[in-house]
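> Turn this into a model:
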Amino acid sequence: MADTEKRVIKKYPNRRLYDTATSCYITLEDVKQLVLENVEIVIEDAKTHEDLTRSVLLQIILEEENGGAPMFTYDVLTQIIRFYGHAMQGLMGNYLEKNMQLFQQMQERLQDQAKAVGENPLGANANMWGEFMKFQAPAMQNMMTSYLEQSTNMYVEMQQQLQDRAKNLWTGFGFPPAGTDKK
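Next comes the predicted model:
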């Protein structure tokens, strides 16, 4: 989606956010709600027009993390920090984005399956719910297996990209390609 189609929110020096679509000031909670509603947004500095979208979204994540049920463990956060400045930094963002997309697809499939049973499966038919639950375990296992396989394939692809970049870098220095040692 092009930036011109995104809902523009301006951030003023007093840290207030102004929604140009509704012509009113909004809060971070309102921005979060727009994201939950899949509204494409761009947040820009009112004076410089600098794109502040990522920093505001990170601020929302920080508030959510401090809200009681954090998603990111200490280990995950330290791993992410360690990737900054690392040769794999450029590939890591793409890898994480693709993994989130796969995870979202898996979640949507589960929701679709739950909807197929109905809004109130226990009240409708206990036997039907029992059959659904028997199906769920293998289905969940298959979805998780598929997710892990796709995630592994993306990681292998990322490693291959890194190796290709390294080969291109070193061939410029006149080194022989790997595996062609002269004895």
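> Now do stretch 104-120, average pLDDT.
Taken as a whole, stretch 104-120 has an average pLDDT of 72.
> Does anything pack onto the host helix or strand of Gln101? Which helices or strands?
Gln101 belongs to helix 89-117 when elements are defined using DSSP states H and E. When contacts are defined as 3 or more Cβ pairs under 8 Å, 6 or more residues apart in numbering; DSSP states H and E, helix 89-117 sits against helix 126-171. C-betas here are computed from N, CA, C, even on glycine.
> buried stuff in the helix holding Gln101?
If you call a residue buried by 16 or more other Cβ atoms under 10 Å, then helix 89-117 has these buried ones: 91, 95, 98, 102, 106, 117.
> Out of the residues you listed, which comes closest to Thr145?
Thr145 has its nearest neighbour among these in Met106, at 10.7 Å by Cβ to Cβ.
> and the gap between Gly67 and Leu34?
Remark: distance between Gly67 and Leu34 (Cβ to Cβ, to the nearest Å) = 18 Å.
> care to break this structure down by domain?
3-65, 87-171 (automatic domain parsing).
> helix or strand for His49, which one?
Applying DSSP H and E as the criterion places His49 outside every helix and strand.
> How many neighbouring residues does Glu29 have?
Applying other Cβ atoms under 10 Å, we find 9 residues neighbouring Glu29.
> host element of it?
Judged by DSSP H and E, Glu29 forms part of helix 28-36.
> which residues touch the following helix or strand past that helix?
Taking DSSP H and E as the definition, the helix or strand that follows helix 28-36 towards the C-terminus is strand 41-45. Under the contact criterion Cβ atoms under 8 Å, 6 or more residues apart in numbering, strand 41-45 has outside partners 3, 6-11, 17, 31, 34-35, 50-53, 56.
> when you compare where strand 41-45 runs with where helix 28-36 runs, what's the angle?
On the basis of axes from the mean of the first three to the mean of the last three Cα atoms, to 10 degrees, strand 41-45 is oriented at 140 degrees to helix 28-36.
> Just the buried residues of strand 41-45, please?
By neighbour count with 16+ other Cβ under 10 Å, strand 41-45 contains the buried residues 41, 43-44.
> Give me the below-cutoff pLDDT ranges for this protein.
1-4, 116-144, 172-183 (pLDDT under 70).
> quick one: Glu5 and Val39 touch, right?
No - in this structure, Glu5 sits apart from Val39 without contact. The criterion is Cβ atoms under 8 Å, and the distance is 10.8 Å.
> More neighbours: which of those two?
In terms of neighbours (other Cβ under 10 Å), Val39 is the more surrounded of Glu5 and Val39; the figures are 12 against 8.
> ok, and the closest non-adjacent residue to the more buried one?
Beyond its immediate neighbours in the sequence, the residue positioned closest to Val39 (Cβ to Cβ, 6 or more residues apart in numbering) is Arg7, lying 5.6 Å away.
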